[in-house]
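Trainee: Could you work out the structure for the sequence below:
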Amino acid sequence: MKPLEEIITLDYGSGGKKTSSLIEEMLVPAFANEALSALGDGAILPGQGDLVFSTDSYVISPYFFPGGDIGKLSVCGTVNDISMCGGTPKYLSLGFILEEGLPVADLRRIVASIAETAQKCGVQVVTGDTKVVERGKGDGIYINTAGIGTLTWPGLSPRNIQEGDVVLVSGTIGDHGTTVMLARSGMMEAGNLRSDCLPLNQLAKAALACGGVRVLRDPTRGGVATTLNEFVENTPWSIVLEEGGLPVSDEVASACDILGLDPLYCANEGKMLVVVSPESAEAVLAALHKTPGGEQAAAIGHVSRAYPGKVVLKTYLGGTRILAKLTGAQLPRIC
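Mentor: Residues are numbered from 1 along each chain as shown. The predicted model follows:
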C-alpha cells in the first residue's frame with residue numbers, strides 16, 4: 001500500500017483505495033483493539049451485553065435531493081450499518097454543525113425528516129449536540145449520527161465466505177450516486193431517477209432469518225465493486241460477477257453514459273449485498289422479493305478460486321474485466 005500523501009485530498013473520502021490506506025496506515029494502528037480490528041460497518045462490543053455500535057457523518061451536497069435529504073440519510077446510514085452487523089438498531093445520537101445563515105425552514109424540514117425516518121425504523125434519538133459556525137466556514141449543515149443496537153445475528157464476517165457461495169444484491173445499483181450528481185449539476189429536470197435512500201433493517205432481518213448468510217454490507221461510497229473487493233482482498237477467494245445479471249435501471253444506465261460513470265462504482269444508500277451459501281440462496285432471494293425495498297433483488301455472482309483476491313466481471317461479450325477498488329473521488333460529498 002502506498003504511503004499517505006503530505007496533505008489530505010478529496011480522494012481520501014472516496015471510500016476507495018485512499019480511504020483504505022488512511023484507515024489501515026494511520027487510524028487502525030493508532031486505536032488498535034479487538035472491536036475495531038474487524039473493520040465492519042459497526043463494532044461488536046465484547047462483554048457489553050452483545051451491543052452493536054456505529055457512527056457516521058453526513059456532508060452531502062445538495063442537502064435536499066430527489067428521494068431524500070441529509071436528515072433521512074443520517075438516520076438510514078447508521079441504522080443500515082448496525083443492521084449489516086446483524087444488529088437490531090435501538091438508539092441514535094444526533095449532532096448538528098450548522099452554518100450561520102442556514103434557513104430555519106430548511107432546518108425544520110430536515111428535523112421533520114429525521115423524526116419521520118427514525119419512527120419508521122423503530123429507533124429513538126436520545127441525545128445530541130448543536131454547533132454553529134460562521135458564514136462561509138461550513139456549507140449549510142453537516143450531521144453526525146451514532147447508533148446502538150442489540151446483536152441479534154452474531155458471527156457475520158467476510159471470513160465466513162466459501163467457494164460456491166452466491167452473491168445477491170437487494171435491488172438496482174447506482175441510483176443514489178447518479179441522482180446526486182445530476183441534482184448537483186442542475187441537469188435533473190425530468191425523469192424518474194431518485195436516490196434509493198432507504199432503511200435496510202427489515203431487508204436484513206428477512207435475509208438473516210433464512211439462515212446461511214455469510215456477510216452483509218451496504219455498498220455506499222465506492223459502490224458494489226469496491227465493497228466486494230473488501231470481502232476478498234488478501235484471501236484465496238475471488239468474486240465473479242455476471243454483467244447480464246446486474247440490476248441497473250434504464251435511468252441510471254443513461255445517466256452513467258452521459259456522465260461517464262460506471263454503476264458498479266456509484267454510491268448506494270438503500271441497497272444491501274448478501275453473500276450466502278448456495279443451499280440458502282433461493283430462500284434468501286425469495287425473502288428479499290417479499291420485503292419492501294427488495295422487489296428487484298437479484299443474484300449477481302458467485303465466489304470462486306479462479307482469481308484469488310480479485311473481483312471479476314464476465315461481460316456480455318464473453319470477456320472478463322478486473323474490478324479494482326475505486327481509485328480517486330468519483331463524486332465528493334455523496335453522503
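Trainee: contacts, neighbours, all on C-alpha from now
Mentor: Noted.
Trainee: Helices of the chain, residue ranges please.
Mentor: Counting by DSSP state H, the chain has helices at residues 17-22, 28-31, 34-37, 70-84, 104-121, 175-185, 201-208, 223-232, 250-259, 281-289.
Trainee: Domain-wise, how is this structure divided?
Mentor: 42-151, 158-323 (automatic domain parsing).
Trainee: For the spatially closest residue to Val79 that is not a sequence neighbour, name its beta-bridge partners.
Mentor: Leaving aside its sequence neighbours, Val79 sits nearest to Pro89 (C-alpha to C-alpha, 6 or more residues apart in numbering; 5.8 Å). Judged by DSSP bridges, the bridge partners of Pro89 are Gly149.
Trainee: Can you report how many residues neighbour Pro89?
Mentor: Using other C-alpha atoms under 10 Å, Pro89 has 27 neighbouring residues.
Trainee: Who are the contact partners of Leu156?
Mentor: Contact analysis of Leu156 by C-alpha atoms under 8 Å, 6 or more residues apart in numbering lists Cys85, Gly86, Val213, Arg214, Val215, Leu216.
Trainee: Show me those that map onto strands.
Mentor: The subset of those located in strands under the criterion DSSP state E comprises Val213, Arg214, Val215, Leu216.
Trainee: what's the closest of the residues you listed to Asn192?
Mentor: Minimum distance to Asn192 across the ones in strands among the contacts of Leu156 is 28.3 Å, recorded for Leu216 (C-alpha to C-alpha).
Trainee: pretty sure the closest one contacts Val274?
Mentor: Yes. Under the criterion of C-alpha atoms under 8 Å, Leu216 makes contact with Val274 at 4.9 Å.
Trainee: Highest neighbour count among the contacts of Leu156?
Mentor: Looking at the contacts of Leu156 with neighbours defined as other C-alpha under 10 Å, the largest count falls to Cys85 at 29 neighbours.
Trainee: mind checking how far that one is from Ala35?
Mentor: Cys85 sits 12 Å away from Ala35, going by C-alpha to C-alpha, to the nearest Å.
Trainee: Adding pLDDT and distance to Glu163, write the ones in strands among the contacts of Leu156 out as TSV.
Mentor: Below are these laid out as TSV (pLDDT from 0 to 100; distance: C-alpha to C-alpha, whole Å):
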residue	pLDDT	distance to Glu163
Val213	98	14
Arg214	98	12
Val215	98	14
Leu216	98	17
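Trainee: so what's the spatially closest residue to Thr127 that is not a sequence neighbour up against?
Mentor: Sequence neighbours aside, Ser93 is the residue nearest to Thr127 in space, at 4.8 Å (criterion: C-alpha to C-alpha, 6+ apart). Ser93 sits next to Val125, Val126, Thr127, Gly128, Asn144, Thr145, Ala146, Gly147 when contact means C-alpha under 8 Å, 6+ apart.
Trainee: Give me the local confidence score for Ser93.
Mentor: Taken from the predicted model, the pLDDT recorded for Ser93 is 97.
Trainee: what's the answer for the one 10 residues further on, then?
Mentor: For Pro103, the pLDDT comes out at 96.
Trainee: One more: the one 4 residues further on?
Mentor: Looking at Leu107, its pLDDT reads 97.
Trainee: Likewise for Tyr316?
Mentor: According to the prediction, Tyr316 has pLDDT 88.
Trainee: With Leu331 instead?
Mentor: Confidence at Leu331, expressed as pLDDT, is 64.
Trainee: returning to what we had before: where do the contact lists of Leu216 and Val274 overlap?
Mentor: By C-alpha under 8 Å, 6+ apart, no residue touches both Leu216 and Val274.
Trainee: circling back to that earlier point, just send the domains of the chain back as JSON lines, with distance to Pro3 too.
Mentor: As requested, these are arranged in JSON lines below (distance: least, C-alpha to C-alpha, whole Å):
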{"stretch": "domain 42-151", "distance to Pro3": "25"}
{"stretch": "domain 158-323", "distance to Pro3": "19"}
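Trainee: So the residue nearest to the spatial centre of the chain versus Gly301, what's the distance?
Mentor: Central residue of the chain (C-alpha atoms, centre = their mean): Thr220, 2.8 Å from the mean position. For Thr220, the distance to Gly301 under the criterion C-alpha to C-alpha works out to 19 Å.
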